[in-house]
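Participant: build me a model:
(one chain, ligands or ions: 2)
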Amino acid sequence: MRAGVYRGPSRIDVEELDDPVLGEGELRLDIAACGICGSDLHYYTEGWMPVGTVLGHEFAGVVSEIGPGVADVAVGDRVTINGIIGCGVCALCRAGRQNLCPDKRGPSRGAFAERFVVPADAPVYRLPDGMATDTAAFLEPLSTSLEAVRRAAPDLDEPIVVLGLGTIGLGVVAALEALGATTVIGVDLSGLRLATARALGAEVVVDGGSEDVVEAVSAVTGRSRQLRYEFARAGTVFDCSGVGRLVGVEVEQLVRAGGTLCVVSLFEEPVALDFNPLVRKEVDVVGSWAYTYAVVDEAFELLASGRVDPAPLVSHRFGLEDINAAFAAQMDKDHSVKVLIEP
Ligand SMILES: [Zn+2]
Ligand SMILES: [Zn+2]
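Facilitator: Ligands and ions are numbered 1, 2, ... in the order given. Here you go, the predicted model:
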């Protein structure tokens, strides 16, 4: 099969690889679509992956072969998977927090290729009739977004701010809308991403490049005061931006007293934060990392039922041969949202 093999910074070569023989419980998929993730961009440009790796973990495809012992999936089924697999026996797995398992594996990579072998113990999701195959390629990123929503547990009747509208921030917007949020305020610098947030149902969008974000959010939420701090009254703020200097603004100036900041981003540098407004406003800060099995089940249901339609996120599609051009398109944040590879 042909596969896009990482050969060093900013270089993926499409090479012919052998198809491995399937082991007990394994499936082979013909990959229909695989999205490029923000993490893939780091691996690609900064060389975080060993040379020889095949990236790609946001995918769906058609079962083309089943290994020994597979009973519940048939050739021709369209499927996607949960590629983060907990050990199943530790205290965190038993508490349903497989994303925090010290022995977890994944996400399963290798889907920038014509074919992919599903690990025997990966949870597999069969697509119902009427669900587009590439919709299922969004299960992985939507699960990351939905985990953040479940961790933050926002009051859906209060204004909610989502800062940073990449795939994860847009997924937070889409999940909040599907769950019935009344006022979602999306903030980004890219006109295309703001328009995409609108298409996903965001009631308000704020261009952080040309507008004062605190003023614009306050115009929706009203303002409040606690000691010497004056701030907007968002009940929950999601940081999906990864811009460290914004965290202080979120804590001090955007979230209401007693509100919640949920951080879904990773940061390239440690974030300096004045804790006094956090203490005096009793802001709850929660981190959110990947997704639990229960959240993936719920995310799949949102996609399968059509309550979340990720179609507005797809800005580009490329064949496998053009994978380097696809990465260039994904890196151009002003002109792309999600780039799909269709091998
Ligand atoms: Zn990803
Ligand atoms: Zn475990």
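
Participant: measure the closest residue in space to Val217 that isn't next to it in sequence to Glu211 for me?
Facilitator: Leaving aside its chain neighbours, Val217 sits nearest to Ala232 (4.4 Å; criterion: CB to CB, 6 or more residues apart in numbering). Yep, even glycine has a C-beta here, placed from its N, CA and C like the rest. Per CB to CB, to the nearest Å, Ala232 is found 13 Å from Glu211.

Participant: who has more neighbours, these two?
Facilitator: Each of Ala232 and Glu211 has its neighbours counted (other CB atoms under 10 Å); Ala232 has more, 26 against 14.

Participant: tally of neighbours for the residue lying closest to Glu252 once chain neighbours are set aside?
Facilitator: Nearest residue to Glu252, sequence neighbours excluded (CB to CB, 6+ apart): Pro277, at 4.1 Å. Neighbours of Pro277 under the rule other CB under 10 Å: 20.

Participant: helix, strand, or coil at Pro277?
Facilitator: helix (DSSP: H, G, I helix; E, B strand; the rest coil).

Participant: what sits against it?
Facilitator: Taking CB atoms under 8 Å, 6 or more residues apart in numbering, we find Pro277 in contact with 229, 251-252, 283.

Participant: partner residues bridging the residue nearest to Val217?
Facilitator: Arg223 (DSSP bridges).

Participant: next up, the contacts around it.
Facilitator: Ala232 touches 161, 214, 217-218, 221-224, 253-256, counting by CB under 8 Å, 6+ apart.

Participant: just name the shakiest helix or strand of this protein by mean pLDDT.
Facilitator: Every helix and strand of the chain was ranked by mean pLDDT, DSSP states H and E. The lowest is helix 38-46, at a mean of 91.

Participant: and it, what does it pack onto?
Facilitator: helix 323-331 (3 or more CB pairs under 8 Å, 6 or more residues apart in numbering; DSSP states H and E).

Participant: close to ligand 2: what parts of the stretch 1-150 of the chain are there?
Facilitator: By CB under 5 Å from the ion, the residues of the stretch 1-150 of the chain that approach ligand 2 are 86-87, 90, 93, 101.

Participant: pipe these into TSV and attach neighbour count, secondary structure and pLDDT per row.
Facilitator: Listed next are those as TSV, based on neighbours: other CB atoms under 10 Å; DSSP: H, G, I helix; E, B strand; the rest coil; pLDDT from 0 to 100:
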residue	neighbour count	secondary structure	pLDDT
Gly86	24	coil	97
Cys87	15	coil	96
Cys90	16	coil	98
Cys93	21	helix	98
Cys101	21	coil	98
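
Participant: which two in the residues you listed are spaced the farthest apart?
Facilitator: The most widely separated members of these, counting by CB to CB, are Gly86 and Cys90 (7.6 Å).

Participant: okay, and the common contacts of the two?
Facilitator: Counting by CB under 8 Å, 6+ apart, the residues touching both Gly86 and Cys90 are 101, 103.

Participant: could you measure Val251 against Ala111, distance?
Facilitator: 38 Å.

Participant: more neighbours, those two?
Facilitator: Neighbours per residue (other CB under 10 Å) separate Val251 from Ala111, with Ala111 holding more: 30 against 25.

Participant: let me see the contact set for the closest residue to ligand 2 within the stretch 101-250 of the chain.
Facilitator: Closest residue of the stretch 101-250 of the chain to ligand 2, CB to the ion: Cys101 (3.1 Å). Contact partners of Cys101, counting by CB under 8 Å, 6+ apart, are 86-87, 90, 92-93.

Participant: and for Leu302?
Facilitator: Leu302 makes contacts with 142, 146, 175, 178, 308, as judged by CB under 8 Å, 6+ apart.

Participant: pretty sure the fourth one contacts Val308?
Facilitator: By that I understand Ala178. Yes. Using CB atoms under 8 Å, Ala178 is in contact with Val308, at 5.0 Å.

Participant: was I right to think Leu22 contacts Ile66?
Facilitator: Yes. Under the criterion of CB under 8 Å, Leu22 makes contact with Ile66 at 7.4 Å.
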